[in-house]
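Enquirer: the amino acid sequence is not available; the structure is as follows:
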């Protein structure tokens with residue numbers, strides 16, 4: 001079931017004191033995701049721990065020199081989308097570790113942040129957001145008064161959406177332009193979808209708790225993002241997708257419905273009535289891969305889903321790999337980690 005998941009609340013003593021002050025309570029209620037408060041404290045070690053649990057390990061260094069400031073962090077999740085509110089209360093230099101399995105869209109609600117991404121540097125303001133992503137080195141300097149709405153997006157979900165739009169496997173990881181112009185028409189449309197989800201989460205709406213509806217909503221949010229924000233697949237996404245001929249589509253059906261069997265490219269060519277070369281040329285043209293490469297992708301998705309659902313006390317990685325057609329466990333483990341960013345055993349434990 002898809003639900004909004006608030007993490008445990010911290011600083012019970014502070015919250016109790018706040019409840020006695022109706023002015024403070026009203027101010028807090030006006031903040032984004034106020035009911036999903038995770039931390040409100042001057043303890044930077046606690047902030048690193050709580051925010052790091054939601055995102056990744058990072059260092060924090062106050063830059064204003066005006067003493068300890070109270071940090072606010074609110075966090076909620078619907079489906080695979082995380083929405084967060086963060087205010088450090090003072091100037092802060094932040095150095096996150098690599099974002100292996102997610103993207104972060106950081107939208108300033110007020111103030112200014114300096115973003116240093118590789119060789120690129122720019123100011124992020126209420127009209128310019130930033131997208132942190134896997135495979136990059138970044139340092140950020142949030143100036144005092146900079147409050148941000150942060151959207152956490154699962155890498156696998158986003159890349160799967162690009163694959164579906166292209167009708168082919170990705171040649172390289174998805175890379176967005178780090179700078180996001182919030183007044184650009186396509187991004188305004190994306191913000192409109194995001195604001196709808198935010199409103200549902202803040203007001204107790206039913207959308208996040210309806211699995212079928214939430215799944216389609218996620219697809220809309222992710223599709224609008226990959227279309228609106230320039231990325232390394234923008235040109236390919238703008239080209240018309242060619243429709244594969246019937247014989248190639250039939251080959252795809254065979255690979256998908258018999259992925260757990262011992263198949264060779266000759267078997268598939270024979271079943272579709274075309275030559276091996278014609279089959280290979282067709283897959284290269286319409287799917288950007290080979291027939292066996294396509295089969296491996298089908299098997300990878302199947303074993304990943306199986307490991308996520310399996311009981312570690314009754315299922316082993318070898319069992320799952322064998323059921324999905326992987327016979328060489330060592331090679332499978334290497335390919336699995338390259339695709340999903342973790343070992344098969346880590347997925348099984350999850």
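Expert: Received, thanks. These numbers come from a predicted model, not from an experiment.

Enquirer: which regions of the stretch 151-300 of the chain sit below the pLDDT cut-off?
Expert: Within the stretch 151-300 of the chain, the set of residues satisfying pLDDT under 70 comprises 240-243.

Enquirer: quick one: the helices in it, in order.
Expert: 155-166, 185-202, 211-228, 234-238, 246-257, 265-272, 276-287, 291-309 (DSSP state H, counting those that start in this stretch).

Enquirer: dump the ones you listed to CSV, plus distance to residue 108 and mean neighbour count.
Expert: Yep, even glycine has a C-beta here, placed from its N, CA and C like the rest. Formatted as CSV, the helices of the stretch 151-300 of the chain follow (distance: least, CB to CB, whole Å; neighbours: other CB atoms under 10 Å):
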stretch, distance to residue 108, mean neighbour count
helix 155-166, 22, 18
helix 185-202, 13, 16
helix 211-228, 18, 17
helix 234-238, 24, 12
helix 246-257, 44, 16
helix 265-272, 52, 17
helix 276-287, 40, 17
helix 291-309, 35, 18
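
Enquirer: turn the ones you listed into CSV, columns for distance to residue 111.
Expert: Output for the helices of the stretch 151-300 of the chain, formatted as CSV (distance: least, CB to CB, whole Å):
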stretch, distance to residue 111
helix 155-166, 28
helix 185-202, 18
helix 211-228, 24
helix 234-238, 30
helix 246-257, 50
helix 265-272, 58
helix 276-287, 46
helix 291-309, 40
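
Enquirer: relative to residue 87, which of these is closest?
Expert: Set against residue 87 and scored by CB to CB, those come closest in helix 185-202, at 16.4 Å.

Enquirer: now do the closest one against helix 211-228, angle only.
Expert: Relative orientation of helix 185-202 versus helix 211-228 (axes from the mean of the first three to the mean of the last three CA atoms, to 10 degrees): 150 degrees.

Enquirer: partner residues bridging residue 142?
Expert: residue 92, residue 113 (DSSP bridges).

Enquirer: counting neighbours, what do you get for it?
Expert: As a burial measure, residue 142 scores 27 neighbours (other CB atoms under 10 Å).

Enquirer: kindly report the same for residue 290.
Expert: Neighbour number of residue 290 under other CB under 10 Å is 14.

Enquirer: OK, contacts around it?
Expert: Neighbour list for residue 290: 265, 280, 283, 284 [criterion: CB atoms under 8 Å, 6 or more residues apart in numbering].

Enquirer: could you find the closest non-adjacent residue to the last one?
Expert: Counting by CB to CB, 6 or more residues apart in numbering, residue 284 lies nearest to residue 290, which is 7.0 Å off, once chain neighbours are set aside.

Enquirer: how far away is that neighbour from residue 300?
Expert: 15 Å (CB to CB, to the nearest Å).

Enquirer: with residue 148 instead?
Expert: Counting by CB to CB - residue 148 and residue 300 are separated by 35 Å.

Enquirer: go on, residue 230?
Expert: For residue 230, the distance to residue 300 equals 29 Å [CB to CB].

Enquirer: cool, residue 307 as well?
Expert: Distance of residue 307 to residue 300, given as CB to CB: 11 Å.

Enquirer: try residue 253
Expert: 18 Å.

Enquirer: same thing with residue 311?
Expert: Separation of residue 311 from residue 300 (CB to CB): 21 Å.

Enquirer: try residue 252
Expert: As judged by CB to CB, residue 252 and residue 300 stand 16 Å apart.

Enquirer: what does residue 239 give?
Expert: Counting by CB to CB - residue 239 and residue 300 are separated by 26 Å.

Enquirer: now swap in residue 237 and tell me
Expert: For residue 237, the distance to residue 300 (CB to CB) stands at 23 Å.

Enquirer: geometrically speaking, which residue is the centre of the protein?
Expert: Centrality entry for the chain: nearest residue to the mean C-alpha point is residue 154, 1.7 Å, by CA atoms, centre = their mean.

Enquirer: check contacts around that residue.
Expert: By CB under 8 Å, 6+ apart, the contact set of residue 154 is 80, 81, 101, 102.

Enquirer: how many neighbours does the first one have?
Expert: Residue 80 has 19 neighbours, counted by other CB under 10 Å.
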